[in-house]
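>>> I would like the atomic coordinates for the input below:
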Amino acid sequence: MNSMFERVGGEQFFVDLVDTFYLGVAGDPLLRPLYAEDLEEPAHHLALFLMQYWGGPATYNEQRGHPRLRMRHMPFVIGPAERDAWLRHMDDAVARTAEAARLAAADVDELRAYFTMAAGQLVNAP
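Okay, the predicted model is just below:
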């Protein structure tokens, strides 16, 4: 079976997904303060991470080392409200990007399940 990276058409899908996600984050009063003023670098890192996670090149590890998601996010207060806002923007980005790429429903479900699990693991505050 092909990797998700291959099934979605490669790098461009993840770049589009992350760009769409960060459009939502940029206007979110709860999430925006958690990010650097310039969203370009975090967007680049997220796209590289997702490409690697879903079977693409290991560029993220080559540039940044092991993802260590919990450790990298510990400096930020992430409670249920932040998790839910993050998921809302990511779910919207998945829906829009998946529709444009004409992804299979099973692939959309797999992406959403991963993001729900990952966001839940980053919660570090009540």
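
>>> report the distance from the worst-scoring helix or strand of the chain on mean pLDDT to the chain centre.
Counting by mean pLDDT, DSSP states H and E, the chain has its least confident helix or strand at helix 69-73, which shows a mean of 77. Taking the mean of its C-alpha atoms, helix 69-73 sits 14 Å from the chain's own mean (CA atoms, centre = their mean, to the nearest Å).

>>> same check, this time on stretch 16-25
Relative to the centre of its chain, stretch 16-25 is centred 9 Å away, using CA atoms, centre = their mean.

>>> contacts for that stretch next, please.
The set of residues that contact stretch 16-25 without belonging to it, under CB atoms under 8 Å, 6 or more residues apart in numbering, is 31-32, 35, 39, 42-43, 46-47, 50, 86, 88-90, 92-94, 96-97, 100-101. C-beta here means a position set from N, CA and C on the backbone, and glycine is covered the same way.

>>> kindly write the ChimeraX command that selects the buried subset of the residues you listed.
For selection in ChimeraX, the members of these meeting the burial criterion (16 or more other CB atoms under 10 Å) are listed in this command:
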select :31,35,39,43,46,47,50,86,89,90,93,94,96,97,101
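
>>> which of the contacts of stretch 16-25 fall within helices?
For the contacts of stretch 16-25, the ones inside helices are 42-43, 46-47, 50, 86, 88-90, 92-94, 96-97, 100-101, with DSSP state H as the criterion.

>>> so what touches stretch 49-66?
By CB under 8 Å, 6+ apart, the list of residues contacting stretch 49-66 from outside reads 3-6, 8, 10-11, 14, 17-18, 45, 48, 67, 114.

>>> first to last residue in it, what's the distance?
When the termini of stretch 49-66 are compared using CA to CA, to the nearest Å, they are 10 Å apart.

>>> before I go, just wanted to say thanks for your time.
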